[in-house]
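Colleague: need a 3D model of the following:
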Amino acid sequence: VRFALTFWLNKKPLPSKETMLFDEATEFEKKKHLGLEKRHFHMMGPEQGAYYDDLADTAGLPRLPHVLTKLHNESSKRFLDDL
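Modeller: Reported below is the predicted structural model:
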């Protein structure tokens, strides 16, 4: 929410279209190299913390405490273990 509000309230301009497309292509290649299919592009897994950091850095916001990422990862693990 903080990320979106930063741009919606014009506190900072969005990155250029070219920058966003380059970032997307780079991320896609990284996931492809890890063996993920295109349909799994949205899955972050243990990289969730790096994603949160990237959002904060892009918007010029303070990063979330890493304990939140650890809690998210533990919650996801327990969910999958309990299926």
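
Colleague: can you map out the helices along the chain?
Modeller: 2-8, 17-33, 48-59, 66-81 (DSSP state H).

Colleague: closest to the centroid, which residue in this protein?
Modeller: residue 51 (2.8 Å; C-alpha atoms, centre = their mean).

Colleague: number of residues surrounding residue 65?
Modeller: Residue 65 is flanked by 10 other residues according to other C-beta atoms under 10 Å. Heads up, the C-betas are built off the backbone N, CA and C, glycines and all.

Colleague: my bad, should have said residue 6
Modeller: Residue 6 - counted by other C-beta under 10 Å - has 19 other residues nearby.

Colleague: just give the closest residue to it, not the sequence neighbours.
Modeller: residue 59 (4.1 Å; C-beta to C-beta, 6 or more residues apart in numbering).

Colleague: could you check how far the one you found is from residue 24?
Modeller: 17 Å (C-beta to C-beta, to the nearest Å).

Colleague: and the closest residue to residue 49 other than its chain neighbours, how many neighbours?
Modeller: Nearest residue to residue 49, sequence neighbours excluded (C-beta to C-beta, 6+ apart): residue 69, at 3.7 Å. Look at residue 69: counted by other C-beta under 10 Å, it has 20 neighbours.

Colleague: pLDDT at residue 69, what is it?
Modeller: Predicted confidence (pLDDT) for residue 69: 88.

Colleague: now the one 5 residues further on
Modeller: For residue 74, the model assigns a pLDDT of 88.

Colleague: more crowded one of residue 59 and residue 24?
Modeller: residue 59 (17 against 11).

Colleague: pull the contacting residues for the more buried one.
Modeller: 2, 3, 6, 7, 12 (C-beta atoms under 8 Å, 6 or more residues apart in numbering).

Colleague: thought the second one was touching residue 55?
Modeller: So the one you mean is residue 3. Yes. Counting by C-beta atoms under 8 Å, residue 3 sits close enough to residue 55 to count as a contact (4.8 Å).
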